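Q: next comes the sequence, and after it the predicted model I'd like to discuss.
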Amino acid sequence: MNGLLSVADAIQSMLDSAGDFLPEQEFCPLMSLDGRILAEPVVATITFPVFDNSAMDGYALRYTDAKQLTGTGLPVKGTVYAGHALDTPLAAGSVVRIMTGAPLPEGADTVIMQEQTRLVDGVLFATQLPAQGEHVRHRGEDMQQGETLLLPGTRLTPRHIGLLAGLGLTGVRVYRRLRVALFSSGDELRQPGEPLAGSQIYDSNRFALTAMLQRLPVDIITSRWLPDAPGLVESALRDAAGTADVVITSAGVSVGDADYMRDIIAGLGQVNFWKVAMKPGKPFAFGRLGRGWYFGLPGNPVSSMATLDQLAQPLLRRLSGELGYRPVQLPAVADTAIRKQPGRADYQRGIYHLADGQLHASPAGGQGSGLLRGFCTTDCYLVLPSEQGDTAVGESVQIQPFGALLK
Ligand SMILES: Nc1nc2c(c(=O)[nH]1)N[C@H]1C(S)=C(S)[C@@H](COP(=O)(O)OP(=O)(O)OC[C@H]3O[C@@H](n4cnc5c(N)ncnc54)[C@H](O)[C@@H]3O)O[C@H]1N2
Ligand code: MOO
């Protein structure tokens, strides 16, 4: 062991720190629900489909009459459109013209689709006989009134929003957004738009991290740059801790002479751990600030994004009320040899594709944790476990296609 916390243990210990915390609830209308976390169970307000209806444009019939469609034919007696109903039952020995979504006339049990019919002088013939019950969507086949459909902790997507609207609900109760304060730090940083002197670079982390956070159900209450001035950093973090649920800083967590972040957090709250066996991202601090949580991300741009994605995201989602988050991980064949030192789990950035029914992947874009251009050419992590060394061409490797925060 190298004294570093494993990625899995770090994530678990952060999740454990959530205890029974849940944000307050609020009502959210349908139009603003995307990405929010459901706070109440959703129970079916209706039985759906509400009535037996046609899945095709065609003709409704009694199956017992079907054989006549290839003999003398069946007369068409009327038409039924979606949103309308016939007030008389289907007479035996006849069919009714029916549109998709229209209620099945009483007595009908089968629909023949238009393309399988021929109409001659108001009499219908079939080019292919329907099966019994074909193209009928039955009342209640999707849900029965009173059934529980969604549980609290569900992250709402367009699919769920469609379902909720289909129930006639105008919105649901969700957890309020987490309040997040984000700080970049370092004397070398200038803001985009400002002139750059010789030893300076632009503050890219604050913008990349803000964009990632905006894909979670959080309110970014502060997004600021701080110079390497411990007094100023301390007062900014103290202020943030008073209002934010989560404070996130980038840089200043390593062992350099200007890496004071850990001491400041220890003074204001508590540092639970500050090193994880992960590459990129060994210097990653986690702790508590008052009733809130603290993430200290490393300064290198790729490291800051990879640690927010891999290490901080599970707890951020859990604190937002979401249950059941886990990144997608798939086996792939290594297309090139992969170099790796044992000791830290390596999240190399790469590209993947499907060939011969298998996923294939290889590192790409350069693995330097300051190389943003290369990062932009990749679409997955190659997840190489801590104890693993080099991987040979053709060996199996686990990949994680970039998820919601990076795509
Ligand atoms: N002796 C050691 N040195 C370092 C270690 C170590 O274990 N021992 N770890 C290295 C690793 S790994 C990383 S990652 C970095 C993390 O350092 P810090 O979090 O303290 O960050 P800084 O040193 O301030 O900055 C690192 C690097 O990133 C650039 N940076 C910082 N903030 C931004 C920003 N907002 N936008 C763009 N670029 C940023 C900064 O200029 C530095 O180049 O430490 C290694 N060193
Ligand atoms: O982990 Mo550092 O994040 O290797 O650059």
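A: In hand now; what should we look at? Ligands and ions are numbered 1, 2, ... in the order given.
Q: which parts of the protein are helices?
A: Here the chain has its helices, by DSSP state H, at 7-16, 158-166, 205-213, 230-243, 261-268, 301-307, 313-319, 372-375.
Q: highest mean neighbour count out of those helices?
A: Comparing these by mean neighbour count (mean count of other Cβ atoms under 10 Å), helix 301-307 comes out on top with a mean of 25. For glycine as for every other residue, the C-beta is placed from the backbone atoms N, C-alpha and C.
Q: only C-alpha atoms, please: export it in CSV.
A: As requested, C-alpha coordinates have been extracted for helix 301-307 and formatted as CSV (Å, rounded to 0.1, in the frame of the first residue of the first chain):
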residue,chain,number,x,y,z
PRO,A,301,-7.2,21.1,-15.9
VAL,A,302,-7.8,17.5,-16.9
SER,A,303,-7.3,16.4,-13.3
SER,A,304,-9.9,18.9,-12.0
MET,A,305,-12.5,17.7,-14.5
ALA,A,306,-11.8,14.0,-14.0
THR,A,307,-12.0,14.3,-10.2
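Q: ok so, going back, which one of the helices of the chain lies closest to residue 33?
A: The stretch from these with the least distance to residue 33 (Cβ to Cβ) is helix 158-166; that distance is 5.2 Å.
Q: right, and residue 272 touches residue 289 too?
A: No: Residue 272 is not in contact with residue 289 according to Cβ atoms under 8 Å; the separation is 11.4 Å.
Q: out of the two, which sits in the more crowded spot?
A: residue 289 (21 against 17; other Cβ atoms under 10 Å).
Q: list the contacts for the more buried one?
A: Counting by Cβ atoms under 8 Å, 6 or more residues apart in numbering, residue 289 touches 237, 240-241, 247, 265, 268-269.
Q: equivalent analysis for residue 119, please.
A: By Cβ under 8 Å, 6+ apart, the contact set of residue 119 is 76, 125.
Q: please name the bridge partners of it.
A: residue 124 (DSSP bridges).
Q: let me know which of the helices of the chain is the nearest to ligand 2.
A: Closest to ligand 2 of those is helix 301-307 (Cβ to the nearest ligand atom; 2.8 Å).
Q: tell me if that closest one is near ligand 2.
A: Yes: between helix 301-307 and ligand 2, judged by Cβ under 6 Å from any ligand atom, the touching residues are residue 303.
Q: reformat the contacts of residue 289 as TSV; add pLDDT and distance to residue 108.
A: Putting these into TSV (pLDDT from 0 to 100; distance: Cβ to Cβ, whole Å) gives the following:
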residue	pLDDT	distance to residue 108
237	97	70
240	97	66
241	96	67
247	98	64
265	94	71
268	96	73
269	96	70
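Q: ligand 1: which of these is nearest?
A: Looking at these and their distance to ligand 1, the nearest is residue 265, at 13.0 Å (Cβ to the nearest ligand atom).
Q: pretty sure the closest one is touching residue 285, no?
A: Yes: Residue 265 lies in contact with residue 285 (Cβ under 8 Å); the separation is 6.7 Å.
Q: name the residues contacting each of those two.
A: 271, 294, 296.
Q: which residues touch the spatially closest residue to the first one that is not a sequence neighbour?
A: What it means is residue 271. Excluding its sequence neighbours, the residue lying closest to residue 271 (Cβ to Cβ, 6 or more residues apart in numbering) is residue 287, at 4.1 Å. Contacts were defined as Cβ under 8 Å, 6+ apart; by that measure residue 287 touches 265-266, 269-272, 293-294, 296.
Q: now the residue in the stretch 1-150 of the chain that ligand 1 sits nearest to: closest residue in space that isn't a chain neighbour?
A: For the stretch 1-150 of the chain, the nearest residue to ligand 1 under the criterion Cβ to the nearest ligand atom is residue 4, separated by 10.1 Å. Once its chain neighbours are removed from consideration, residue 4 has its nearest residue in residue 277; the separation is 3.7 Å (Cβ to Cβ, 6+ apart).
Q: mind pulling up the pLDDT for the one you found?
A: At residue 277, the predicted lDDT confidence score is 96.
Q: tally of neighbours for it?
A: 22.
Q: that one touches residue 341, doesn't it?
A: No: contact status for residue 277 versus residue 341: not in contact, 11.5 Å apart, counting by Cβ under 8 Å.
Q: so what's the residue count around residue 389?
A: 11.
Q: what does residue 83 give?
A: Residue 83: 9 neighbours (other Cβ under 10 Å).
Q: pick out the residue of the stretch 101-250 of the chain closest to ligand 2.
A: The minimum distance from the stretch 101-250 of the chain to ligand 2, using Cβ to the nearest ligand atom, falls at residue 250 (11.2 Å).
Q: model confidence score at that residue, please.
A: The predicted local confidence for residue 250 is 96.
Q: ok, it to residue 226 distance?
A: When distance is defined by Cβ to Cβ, to the nearest Å, residue 250 is 10 Å away from residue 226.
Q: could you check which of those two has the larger neighbour count?
A: With other Cβ under 10 Å as the criterion, residue 250 and residue 226 differ in neighbour count, and residue 250 comes out ahead with 32 against 23.
Q: for residue 394, give me its contacts.
A: Contact partners of residue 394, counting by Cβ under 8 Å, 6+ apart, are 333-334.
Q: ok, the residue of the stretch 1-150 of the chain found nearest ligand 2 - contacts?
A: Nearest residue of the stretch 1-150 of the chain to ligand 2, counting by Cβ to the nearest ligand atom: residue 4, 11.1 Å away. Taking Cβ under 8 Å, 6+ apart as the contact definition, residue 4 lies against 275-277, 282, 343-344.
Q: what residues does the stretch 301-407 of the chain have near ligand 2?
A: Within the stretch 301-407 of the chain, the residues that sit near ligand 2 (Cβ under 6 Å from any ligand atom) are 303, 369.
Q: brain fart, the chain
A: Listed as neighbours of ligand 2 in the chain under the rule Cβ under 6 Å from any ligand atom: 279-282, 298, 300, 303, 369.
Q: how about JSON lines for those, with distance to residue 256 added?
A: What follows is these, written out as JSON lines (distance: Cβ to Cβ, whole Å):
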{"residue": "279", "distance to residue 256": "18"}
{"residue": "280", "distance to residue 256": "17"}
{"residue": "281", "distance to residue 256": "16"}
{"residue": "282", "distance to residue 256": "13"}
{"residue": "298", "distance to residue 256": "11"}
{"residue": "300", "distance to residue 256": "12"}
{"residue": "303", "distance to residue 256": "14"}
{"residue": "369", "distance to residue 256": "15"}
